[in-house]
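*Asks:* Let me see the structure of the following:
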Amino acid sequence: MDKVRASMEGLRSDLRNELNVMGMKIDKLADVLNARLEANDREFRAEIGTMRAEIGTMKAELFAKLEGSRYDMIKYFIGMIVSVSALSAVAIRYFVV
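*Replies:* Residues are numbered from 1 along each chain as shown. Presented below is the predicted three-dimensional model:
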């Protein structure tokens, strides 16, 4: 009976040691995975920052184009008004005189 108890205690001790080793391996794997996740997180955050900068640049360019188009429209509108006024003046002069 003592041999069985001694054998059981030995098996329990081996099992505890095996569990401790497995626990350490799991901790190491968790640390490696956490490091990889943190590296990926930093990489993605850097990409997001770059994309935000690009979007800001594109936004500024579009607003500049819009502003330029606005001034072109105003210029063409004023030109049209001047042309219509000139034609009206000619028509009035032609028909009145």
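*Asks:* For residue 34, identify the helix or strand it belongs to.
*Replies:* helix 2-96 (DSSP states H and E).
*Asks:* That helix packs against which elements?
*Replies:* Of the remaining helices and strands, none touches helix 2-96 by 3 or more C-beta pairs under 8 Å, 6 or more residues apart in numbering; DSSP states H and E. Bear in mind the C-beta positions are built from the backbone N, C-alpha and C, glycine included.
*Asks:* what mean pLDDT does it have?
*Replies:* Helix 2-96 shows a mean pLDDT of 93.
*Asks:* Tell me how far that helix lies from the chain's centre.
*Replies:* Remark: helix 2-96 is offset 0 Å from the chain centroid, using C-alpha atoms, centre = their mean, to the nearest Å.
*Asks:* Residue 51: neighbouring residues, count only.
*Replies:* Residues lying near residue 51 (other C-beta atoms under 10 Å) number 10.
*Asks:* again, but for residue 22
*Replies:* Quick note: residue 22 (other C-beta under 10 Å) scores 10 neighbours.
*Asks:* Quick check: it vs residue 7, distance?
*Replies:* 22 Å (C-beta to C-beta, to the nearest Å).
*Asks:* same check, this time on residue 68
*Replies:* For residue 68 relative to residue 7 (C-beta to C-beta), the value is 90 Å.
*Asks:* One more: residue 83?
*Replies:* 110 Å.
*Asks:* again with residue 36
*Replies:* Residue 36 is 43 Å from residue 7, where distance means C-beta to C-beta.
*Asks:* what's the answer for residue 82, then?
*Replies:* Taking C-beta to C-beta, one finds residue 82 at 110 Å from residue 7.
*Asks:* Same question for residue 43.
*Replies:* 53 Å.
*Asks:* Ok, residue 21 next?
*Replies:* Separation of residue 21 from residue 7 (C-beta to C-beta): 21 Å.
*Asks:* Residue 42 too?
*Replies:* Separation of residue 42 from residue 7 (C-beta to C-beta) stands at 52 Å.
*Asks:* again with residue 90
*Replies:* From residue 90 across to residue 7, the span is 121 Å (C-beta to C-beta).
*Asks:* ok, now residue 52?
*Replies:* Residue 52 is 66 Å from residue 7, by C-beta to C-beta.
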